[in-house]
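A.B. asks: Okay, predicted coordinates and the sequence, questions at the end:
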Amino acid sequence: MFFSSNHEPIMTPKVHNVNWKNKILKREYVDGENLSKVEPKEAAEKIAKVLGTLHSRGWVLGDTKPTNFIQSNNKIYIVDAEQALKSKSELYMVWDVIASLIFLGIYNPLKAVIESMDMLITFLDNYRTSRGNVKIAERTLKILKGMKNIETLL
């Protein structure tokens with residue numbers, strides 16, 4: 001289980017109680033600001049660092065919405081990790097990265113569009129410097145470039 005593993009310097013809320021029968025998880029409340037509320041470029045930098053670190057340790061999240069990341073006391077908490085799993089699948093890692101970029105655009109579309117190239121470069125640079133797999137960054141760029149080419153055909 002993701003929440004019961006140590007991910008330092010990335011934080012997770014403490015789990016107080018798990019009731020598997022009724023599917024109830026009681027955990028610590030994390031007071032802070034979710035990353036959908038910060039500037040897209042800043043959110044991209046922070047999420048990229050988290051993903052680079054987690055991917056280098058063999059974890060994928062699956063759900064990388066900025067609302068799942070809380071900034072509190074200069075630390076980043078992952079507060080929703082229901083889909084997280086241990087995996088070395090590059091496809092899952094690419095999904096984490098692409099979904100993050102898409103969600104960053106959804107939560108602040110105007111800012112994200114204006115800063116899109118700068119945000120993308122910031123994201124991928126921070127992903128790589130946080131020990132993220134370079135092949136994941138390259139595959140992400142290839143897929144995003146392909147999406148742009150599809151757009152021109154429509």
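C.D. replies: Nice, I can see it.

A.B. asks: how about residue 25, secondary structure?
C.D. replies: At residue 25 the chain is in strand, as set by DSSP: H, G, I helix; E, B strand; the rest coil.

A.B. asks: hang on, it packs against residue 14?
C.D. replies: No. Assessed by Cβ atoms under 8 Å, residue 25 is found out of contact with residue 14, at 11.4 Å. The C-beta positions use only the backbone N, C-alpha and C, and glycine is treated the same way.

A.B. asks: just checking, what packs against the helix or strand encompassing residue 122?
C.D. replies: Using DSSP states H and E, residue 122 maps to helix 116-129. Counting contacts by 3 or more Cβ pairs under 8 Å, 6 or more residues apart in numbering; DSSP states H and E, helix 116-129 is packed against helix 40-56, helix 90-107, helix 134-153.

A.B. asks: got the contact list for residue 69?
C.D. replies: 34, 35, 43, 46, 47, 50, 76, 77, 78, 79 (Cβ atoms under 8 Å, 6 or more residues apart in numbering).

A.B. asks: still on that earlier bit, can I get the helices and strands packed on helix 116-129 in TSV including mean pLDDT, distance to residue 121 and mean neighbour count?
C.D. replies: Converted to TSV, these look like this (pLDDT from 0 to 100; distance: least, Cβ to Cβ, whole Å; neighbours: other Cβ atoms under 10 Å):
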stretch	mean pLDDT	distance to residue 121	mean neighbour count
helix 40-56	95	9	23
helix 90-107	90	11	20
helix 134-153	72	10	12
